[in-house]
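Enquirer: heads up, no residue letters with this:
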């Protein structure tokens with residue numbers, strides 16, 4: 001990966017309640033770890049630092065499962081709140097020196113270090129302010145944006161979340177053509193898990 005200017009911070013959103021899965025999906029087995037561990041490893045191997053994982057107050061099992069990994073735990077105390085609240089918790093906890101943010105749900109185990117590095121390289125090469133990976137016309141994650149949007153996300157876009165940021169700045173959004181479908185699939189249901197776990 002090229003040398004990016006400034007500090008890059010990833011925020012993984014792991015405070016959901018897994019209602020449709022029926023069991024804590026981030027603790028489901030994946031490869032040689034659990035779903036959250038696999039996603040965390042992808043960002044760490046892509047040399048993203050710091051890596052913030054936003055969790056609910058009931059996060060002790062996740063913390064135990066990832067013991068020893070180089071992550072910073074951030075608690076969203078509002079159980080059941082919208083995803084934007086978790087994004088805000090991460091933004092508030094991030095160091096002031098951060099210049100570039102990546103934000104992604106934590107239930108996307110298809111993400112891999114090569115894709116994350118390519119995404120960041122493309123963001124820098126285009127001197128983009130907002131970059132979103134796209135696969136076959138569908139936008140996915142991680143979303144990359146510059147720190148100048150931090151204050152806006154802390155104050156605006158209630159009810160629409162990160163999509164509101166994209167809608168507010170269409171001319172500044174770079175749609176990066178992803179090399180595979182991993183930015184667009186997550187694990188919501190048991191069928192999703194069984195479909196992708198063997199990949």
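Expert: The structure has been received and is ready for your questions. Owing to the predicted nature of the structure, the values given are computational and were not obtained by experimental measurement.

Enquirer: who's in contact with residue 149?
Expert: Listed by CB atoms under 8 Å, 6 or more residues apart in numbering, the contact partners of residue 149 are 129-130, 165, 169. For every residue, glycine as well, the C-beta is placed using N, CA and C.

Enquirer: ok, the residues you listed vs residue 82, which is closest?
Expert: residue 165 (14.1 Å; CB to CB).

Enquirer: check which helix or strand covers the closest one.
Expert: Using DSSP states H and E, residue 165 sits within helix 162-168.

Enquirer: which neighbouring elements make contact with the next helix or strand after that helix?
Expert: Using DSSP H and E, the next helix or strand after helix 162-168 towards the C-terminus is strand 173-177. Using 3 or more CB pairs under 8 Å, 6 or more residues apart in numbering; DSSP states H and E, the elements in contact with strand 173-177 are helix 113-125, strand 130-135.

Enquirer: between those, which one is closest to residue 65.
Expert: helix 113-125 (20.2 Å).

Enquirer: how many neighbouring residues does residue 142 have?
Expert: When neighbours are defined as other CB atoms under 10 Å, residue 142 has 25 of them.

Enquirer: list the contacts for it?
Expert: By CB under 8 Å, 6+ apart, residue 142 lies in contact with 10, 102-104, 111, 116, 119, 133, 183.

Enquirer: dump the helices and strands packed on strand 173-177 to a markdown table, plus distance to residue 194.
Expert: As requested, these are exported to a markdown table (distance: least, CB to CB, whole Å):
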| stretch | distance to residue 194 |
| --- | --- |
| helix 113-125 | 23 |
| strand 130-135 | 21 |
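
Enquirer: and the ones you listed: which comes nearest residue 35?
Expert: Nearest to residue 35, of the helices and strands packed on strand 173-177 and by CB to CB, is helix 113-125 at 16.4 Å.

Enquirer: pull out the buried positions in that closest one.
Expert: Buried residues in helix 113-125, defined by neighbour count with 16 or more other CB atoms under 10 Å: 113, 115-120, 122-124.

Enquirer: what's the most distant pair in those residues?
Expert: Every pair of these checked by CB to CB; the farthest is 113 and 124, at 16.6 Å.

Enquirer: pick out the least confidently modelled helix or strand of this protein, by mean pLDDT.
Expert: helix 190-196 (a mean of 82; mean pLDDT, DSSP states H and E).

Enquirer: which parts of that helix are buried?
Expert: For helix 190-196, the neighbour count (16+ other CB under 10 Å) marks 192-193 as buried.

Enquirer: swap in stretch 90-97?
Expert: 90-91, 93-94.

Enquirer: for it, what is the average pLDDT?
Expert: Taken as a whole, stretch 90-97 has an average pLDDT of 96.

Enquirer: if we can go back for a sec, how about the buried residues of helix 113-125 in a markdown table, adding distance to residue 16 and pLDDT?
Expert: Below are the buried residues of helix 113-125 laid out as a markdown table (distance: CB to CB, whole Å; pLDDT from 0 to 100):
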| residue | distance to residue 16 | pLDDT |
| --- | --- | --- |
| 113 | 24 | 97 |
| 115 | 22 | 97 |
| 116 | 21 | 98 |
| 117 | 26 | 97 |
| 118 | 27 | 98 |
| 119 | 23 | 98 |
| 120 | 25 | 97 |
| 122 | 28 | 97 |
| 123 | 26 | 98 |
| 124 | 31 | 95 |
